[in-house]
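A.B. asks: Would you be able to build a 3D model of this:
(4 chains)
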There are 2 protein chains.
Amino acid sequence: MVLRNFLPAIEARVQSTPDLVAQALREAILHGFYDAGQPLRQDEIAATLQVSKIPVREALRRLEAEGLVVFYANRGAMVAPLRPDEAQEIAEIRIALETLALRLALPKLTPRDLRHARGILEDLDGERDSARWGALNRDFHQCLYAPAQRPQLLALITTQHRRFDRYMRVVLAAMQHQTQSQAEHHALLDACERRDGAIAVHVLEEHIAGAVRLLVEQLPPEPARLL
Amino acid sequence: MVLRNFLPAIEARVQSTPDLVAQALREAILHGFYDAGQPLRQDEIAATLQVSKIPVREALRRLEAEGLVVFYANRGAMVAPLRPDEAQEIAEIRIALETLALRLALPKLTPRDLRHARGILEDLDGERDSARWGALNRDFHQCLYAPAQRPQLLALITTQHRRFDRYMRVVLAAMQHQTQSQAEHHALLDACERRDGAIAVHVLEEHIAGAVRLLVEQLPPEPARLL
DNA sequence: CTTGACAAAATCGTATACGATTATACAATT
DNA sequence: AATTGTATAATCGTATACGATTTTGTCAAG
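C.D. replies: Numbering: from 1, shown residues only, chains lettered A, B, ... in the order given. The predicted model follows:
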């Protein structure tokens, strides 16, 4: 063990300005404060957050990489449009990544992890705000995957899950799905407690696939226009 | 058919300056022009490429999102360090994503696709430069996945594959692996031609898992230092 | 020779400024 | 009235400039 190993993540000492701006814009997009396709005016954002355009632009570039924002040459950034086929694709990616994470995490899940997950499930029951519901939902899934100890994989999952949640907002209004989703959450957690990997993975697959199925039913067949 | 369908991706009309800078830096890192851990001086890069620091910083942010670059507060960007455990994790992610892509692509593979793949395999035989070998290798894999018609998935795969190739550089010097790899490529392509999904997926899994196995043997157990 | 303090240089991060591009409003024309 | 052309405003993209932070170099003290 060397001294260097004691200092906890140099890169995270301070949250950089672009980080903070990205966080704010991410929240705003996920909360629906900005609609799909809406332009994100750099001057306006900079003025609101009391910074210049440079950190705003860097934040927008990050969100572009996360798939929440699209850049058009000389026309700036706008909130990424919603397209049902994209939601379908994200669901497939999520299933591939999350079943992997779950399989890796399952043998390492502690009773503490399971209690934590149960706690989030209870919070989830009371939540009405769709953005906070989405955040809790991500937390629930993440805390089942975290014991896998795969930081890269978990980061990818979070990014894709967030993207997916933009689509789910549309569906979440229908309270029916929340109860359905909660039932699946409980089934998933139960399988984890029994260490039944095959069932857990299967429930997770159906959980995501069912969400996207509901999604494409609700969403208009014609995508939100790009222009 | 409407007029809009004729314009090929508005956002791609011109390659933006940050795009070009990112491309150049990506190539430089993949070619080993910059070593792992090496600082990327913004002024220097800006001067060399005849632009200001702003587009350079945006390019670095993109590369950060791609996992090729790490930012440290007030110390700028440096080439992401190489850590064997990270290579292992990327390999797991690649297997999950690429087996998915392959399964989706397999039923849609045309004879033309297969000929194209064979062509790349031949080019691969003659290639000595490890960076170009890596690019051809990515091309080979991509052209087997492309018929899946999953742009998001393919983009993710490319990013992870590029990241993985930084580790493979170390191993590629050993010519032995190239012949091993080529043998697996042929086995993969043969299985695709026979539309044998189970075998193809299995060969792909072993192809990636074998590479990372060789990798952790070659690489020093102690990671390249972060500081 | 090593350690610590300080000054100088290098580098970062971002605010400001400005040319270039795009969007908007409105007058001119058919 | 609809369409075209033109001036104006809004916005983008980036070069420049500068304070803040980090790194490097120097030298005196131990």
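A.B. asks: Any residue of stretch A:75-93 touching DNA strand D?
C.D. replies: Yes - for stretch A:75-93 and DNA strand D, the contact criterion (CB under 7 Å from any atom of the strand) is met by A:75-77. Heads up, the C-betas are built off the backbone N, CA and C, glycines and all.
A.B. asks: can you give me the helices in chain A?
C.D. replies: In chain A, the helices defined using DSSP state H lie at A:17-30, A:42-49, A:53-66, A:84-105, A:111-126, A:130-145, A:151-172, A:175-193, A:197-218.
A.B. asks: So is the fourth one next to chain B?
C.D. replies: Yes - using CB under 8 Å from any CB of the partner chain, helix A:84-105 reaches chain B at A:86, A:89-90, A:92-93, A:96-97, A:99-100, A:104.
A.B. asks: what pLDDT, on average, does that helix get?
C.D. replies: For helix A:84-105, the mean per-residue pLDDT is 96.
A.B. asks: And for the fifth one?
C.D. replies: Confidence for helix A:111-126, expressed as mean pLDDT, is 93.
A.B. asks: Helix A:84-105 and that one, what's the angle between them?
C.D. replies: 150 degrees (axes from the mean of the first three to the mean of the last three CA atoms, to 10 degrees).
A.B. asks: Also the shortest one?
C.D. replies: For helix A:42-49 against helix A:84-105, the angle between stretch directions is 50 degrees (the same axes, to 10 degrees).
A.B. asks: Distance check, the nearest residue to A:H161 once chain neighbours are set aside against B:A209.
C.D. replies: Among residues not flanking A:H161 along the chain, A:R138 sits closest, at 5.1 Å (CB to CB, 6 or more residues apart in numbering or on different chains). A:R138 is 29 Å from B:A209, where distance means CB to CB, to the nearest Å.
A.B. asks: Repeat that for A:E92.
C.D. replies: 22 Å.
A.B. asks: same question, A:H161
C.D. replies: On the measure of CB to CB, A:H161 and B:A209 end up 26 Å apart.
A.B. asks: if you count what's nearby, which of the two comes out ahead?
C.D. replies: Taking neighbours as other CB atoms under 10 Å in any protein chain shown, A:H161 and B:A209 compare with A:H161 leading, 20 against 15.
A.B. asks: show me what contacts the residue of chain A found nearest DNA strand D?
C.D. replies: The minimum distance from chain A to DNA strand D, using CB to the nearest atom of the strand, falls at A:G76 (3.1 Å). For A:G76, the contacting residues are A:39-42, by CB atoms under 8 Å, 6 or more residues apart in numbering or on different chains.
A.B. asks: 7 Å - rerun?
C.D. replies: A:39-40, A:42 (CB atoms under 7 Å, 6 or more residues apart in numbering or on different chains).
A.B. asks: Same list, the residues you listed, but as JSON lines with neighbour count and pLDDT please.
C.D. replies: As requested, the contacts of A:G76 are exported to JSON lines (neighbours: other CB atoms under 10 Å in any protein chain shown; pLDDT from 0 to 100):
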{"residue": "A:P39", "neighbour count": "13", "pLDDT": "96"}
{"residue": "A:L40", "neighbour count": "21", "pLDDT": "97"}
{"residue": "A:Q42", "neighbour count": "17", "pLDDT": "97"}
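A.B. asks: So which of the residues you listed is the closest to chain B?
C.D. replies: A:Q42 (12.3 Å; CB to the nearest CB).
A.B. asks: and that closest one, how far is that from A:K53?
C.D. replies: Taken as CB to CB, the span from A:Q42 to A:K53 is 5 Å.
A.B. asks: A:A101 now?
C.D. replies: Counting by CB to CB, the gap from A:A101 to A:K53 is 37 Å.
A.B. asks: When those two are compared, which one has more neighbours?
C.D. replies: A:A101 (26 against 15).
A.B. asks: contacting residues around that one?
C.D. replies: By CB under 7 Å, 6+ apart, the neighbours of A:A101 are A:145, A:148, A:150, A:153-154, A:157.
A.B. asks: tell me which of those residues is nearest to DNA strand C?
C.D. replies: A:L154 (24.9 Å).
A.B. asks: From DNA strand C, how far out is A:D85?
C.D. replies: 25 Å (CB to the nearest atom of the strand, to the nearest Å).
A.B. asks: how many neighbours does that residue have?
C.D. replies: 13.
A.B. asks: what do you get for A:R61?
C.D. replies: Counted with other CB under 10 Å, A:R61 comes out at 25.
A.B. asks: for the one 10 residues further on, same thing?
C.D. replies: A:F71 is surrounded by 20 other residues when neighbours are defined as other CB under 10 Å.
A.B. asks: Residues in a beta bridge with it, which ones?
C.D. replies: A:A77 (DSSP bridges).
A.B. asks: Thought A:R62 was touching it, still the case?
C.D. replies: No - at 11.8 Å, A:F71 does not count as touching A:R62 under the criterion of CB atoms under 7 Å.
A.B. asks: ok, the contacts of A:G76 vs A:D113, which is closest?
C.D. replies: Nearest to A:D113 among those: A:L40, at 37.8 Å, using CB to CB.
A.B. asks: OK, contacts around the closest one?
C.D. replies: A:L40 sits in contact with A:34, A:60, A:69, A:76-79, where contact means CB under 7 Å, 6+ apart.
A.B. asks: Next: A:G197.
C.D. replies: Contacts of A:G197 by CB under 7 Å, 6+ apart are A:103, A:106.
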